[in-house]
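Participant: below is the sequence, then the predicted model.
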Amino acid sequence: MTDNKSQLKWLWLSGLVIVLDQISKQMVSASFELYERLPVVPSFNITLLHNRGAAFSFLNDAGGWQRWFFVLLALGISVYLLQWLRKLPAHRLCLAIALALILGGAIGNLWDRLLHGFVVDFIQVYYQQWYFPAFNVADSAITVGAVLLLVDAFRHPADE
C-alpha cells in the first residue's frame, strides 16, 4: 500500500502549476487594462481577458449560473483526480505527472472563479487574422496533462 501512496509525491507539481498560474495572472492583471495587448513576437501577444465560461469561452455569456457550475465541476474533478493519484501504482509515472498537471490547472482556474467570478486569460497566439482563444498557465498544464494521459493510454492500453 505504501507504493500506491507514493504517487501523492507529485502534488508538488500541482502546487507549482498553481503558484506559477496565479503569479502570472496577478502580474498581467496588475500591468494591463482589460483587452490591452502587448505584441511579444510575431504570432504571440500578451493580452488581458476575462473568461466567464470554460475552454474556448464556452458559455462565456450564459448569464452567471455557469460560474457555480464550473466551480462545482472543478471541485468534483479535483477530488476525483486526487483519489486517482492516491491509488495509482508506483510504476505509472507518466499518468501520475498527467494527473498532477491537470489537478494543478483545474485548481488554478477554480481559484480564479472563486475569487473573481471569471478566469484570467492572457496568452494569445495567432496567425495572420486567425486567433486561437486566449489561455493561461493553468490551461497549458491541463493541455499537457491531457496529452500525457493519451500517451499513457497508448503505452498501457489493457492496464487497470
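Facilitator: Arrived safely. Numbers count the residues shown, from 1 in each chain.

Participant: can we go C-alpha only for contacts and neighbour counts from here?
Facilitator: Will do.

Participant: same question for stretch 69-89: list its buried residues.
Facilitator: 70-71, 74-75, 77-78, 81-82, 84-89 (16 or more other C-alpha atoms under 10 Å).

Participant: what's opposite Pro39 in the beta bridge?
Facilitator: Asn45 (DSSP bridges).

Participant: that one and Met27, how far apart?
Facilitator: Pro39 is 16 Å from Met27, where distance means C-alpha to C-alpha, to the nearest Å.

Participant: restricted to strands, list the buried residues of stretch 69-89.
Facilitator: Judged by DSSP state E, strands contain none of those.

Participant: of the residues you listed, closest to Val137?
Facilitator: Each of those was checked against Val137 using C-alpha to C-alpha; the closest is Ala74, at 16.2 Å.

Participant: got the CA coordinates for stretch 126-143 in PDB?
Facilitator: In PDB, the C-alpha atoms belonging to stretch 126-143 read as follows (Å, rounded to 0.1, in the frame of the first residue of the first chain):
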ATOM      1  CA  TYR A 126      -2.400  33.900 -33.700                       C
ATOM      2  CA  TYR A 127      -1.600  33.500 -37.400                       C
ATOM      3  CA  GLN A 128      -2.400  36.400 -39.700                       C
ATOM      4  CA  GLN A 129      -6.100  37.100 -39.000                       C
ATOM      5  CA  TRP A 130      -6.800  33.800 -37.100                       C
ATOM      6  CA  TYR A 131      -6.600  34.000 -33.300                       C
ATOM      7  CA  PHE A 132      -6.600  31.000 -31.100                       C
ATOM      8  CA  PRO A 133      -8.700  31.500 -27.900                       C
ATOM      9  CA  ALA A 134      -6.600  33.200 -25.200                       C
ATOM     10  CA  PHE A 135      -5.400  30.900 -22.400                       C
ATOM     11  CA  ASN A 136      -3.200  30.900 -19.300                       C
ATOM     12  CA  VAL A 137      -0.600  28.700 -17.400                       C
ATOM     13  CA  ALA A 138      -3.400  26.500 -15.900                       C
ATOM     14  CA  ASP A 139      -4.900  25.800 -19.300                       C
ATOM     15  CA  SER A 140      -1.400  24.900 -20.600                       C
ATOM     16  CA  ALA A 141      -0.900  22.500 -17.700                       C
ATOM     17  CA  ILE A 142      -4.300  20.900 -18.400                       C
ATOM     18  CA  THR A 143      -3.500  20.500 -22.100                       C
END
